[in-house]
Each structure stands twice: as structure tokens, then as C-alpha cells.
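Peer 1: compute the structure for the input listed below.
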Amino acid sequence: MKLSKLTSKGFVTKAAGLGAGAVVGEIVNNKVGEKLPAAAQKFSPALSIIAGAFLSSSRSQFVKESAAGMIATGMAQATKSILPDETKTQLGIGEVMLGVNDVMLGMDEPRVDFTSGAAGESNY
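Peer 2: Got it, this is the predicted structure:
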């Protein structure tokens, strides 16, 4: 791929639109989805899919690409919600904390809770 293609206006518009749509899709799923009744929260990925489908008819190329990013985010979250936990663990899909999947402070071994039950103090 030539560098001129990466810096072309069309490529930059597509990349920026997809990125913006992915972020907006995540916000829609998290912020709007949490306001849904508990029984309906499992359907929150559909919100960004529907919003993306609605926006995809826009004349603006940026908005169309943003719509694609929203749809992709919704589909990814919907797919993650139906995967078995074991599969998610094997694929490294899960909660991300400090940029690392399910690992605190770079420790690969299981975390040990050193607090004593009643006192809540360290019990080293």
C-alpha cells in the first residue's frame, strides 16, 4: 500500500468516521443501555446497531462511516454476550483494566485476597 493512499482525504475520512462511530456506539450501549429495564439490558447492543442503520442513509461520507462503526460495535458486543465464558477467556476477551485484559499489575497468577473478613485489614 502506498503512503499516499493512507494520507488521502477519503482514507482519513473513513478511518475517522469508523473510529468515531465505534466510540459513539460504545457510549450508546453503555450509557443508554444502563437506563433500560434489567430484563431488556441484554438487548442494549441493538441500540447502536439500530442507530447505525438509521444514520447509514446519510449523504455525508463521514456519517456513513460513523454508522458503520456503530453497527460494528453493536455486533461485536452482541457476539461477546453470547460467547461462553471459557471461549472469551481463551480468546482474551473480557474486562480491560489499565489496558491489560483481566490482569492486575502485570501478574499472571491468580489474585489472592489478603484482607481478613471481619476487620477489613491486611493479613499478610
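Peer 1: so where's the protein uncertain?
Peer 2: 1-7, 94-124 (pLDDT under 70).
Peer 1: mind listing the strands for it?
Peer 2: 96-97, 100-101 (DSSP state E).
Peer 1: Phe62 contacts Ala16, correct?
Peer 2: Yes. Phe62 is within contact range of Ala16, at 6.9 Å (criterion: Cβ atoms under 8 Å). For every residue, glycine as well, the C-beta is placed using N, CA and C.
Peer 1: for the chain, what's the longest helix?
Peer 2: helix 61-82 (DSSP state H).
Peer 1: buried stuff in it?
Peer 2: 62-78 (16 or more other Cβ atoms under 10 Å).
Peer 1: need the helices for this structure, in chain order.
Peer 2: Under DSSP H, the chain gives helices at 3-6, 9-27, 45-55, 61-82, 85-91.
Peer 1: distance to Leu36 added to the ones you listed, as TSV?
Peer 2: What follows is those, written out as TSV (distance: least, Cβ to Cβ, whole Å):
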stretch	distance to Leu36
helix 3-6	40
helix 9-27	15
helix 45-55	8
helix 61-82	14
helix 85-91	23
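Peer 1: nearest to Gly33, out of the ones you listed?
Peer 2: Nearest of the helices of the chain to Gly33, taken as Cβ to Cβ: helix 45-55 at 6.1 Å.
Peer 1: how does this structure divide into domains?
Peer 2: 3-82, 94-124 (automatic domain parsing).
Peer 1: which residues does the closest residue to Ala22 other than its chain neighbours contact?
Peer 2: The shortest distance from Ala22 to any non-neighbouring residue, by Cβ to Cβ, 6 or more residues apart in numbering, is to Gly69 (4.1 Å). By Cβ atoms under 8 Å, 6 or more residues apart in numbering, the contact set of Gly69 is 17-25, 52.
Peer 1: how close does Ser44 get to Ala68?
Peer 2: Ser44 is 19 Å from Ala68, where distance means Cβ to Cβ, to the nearest Å.
Peer 1: appreciated, that's everything.
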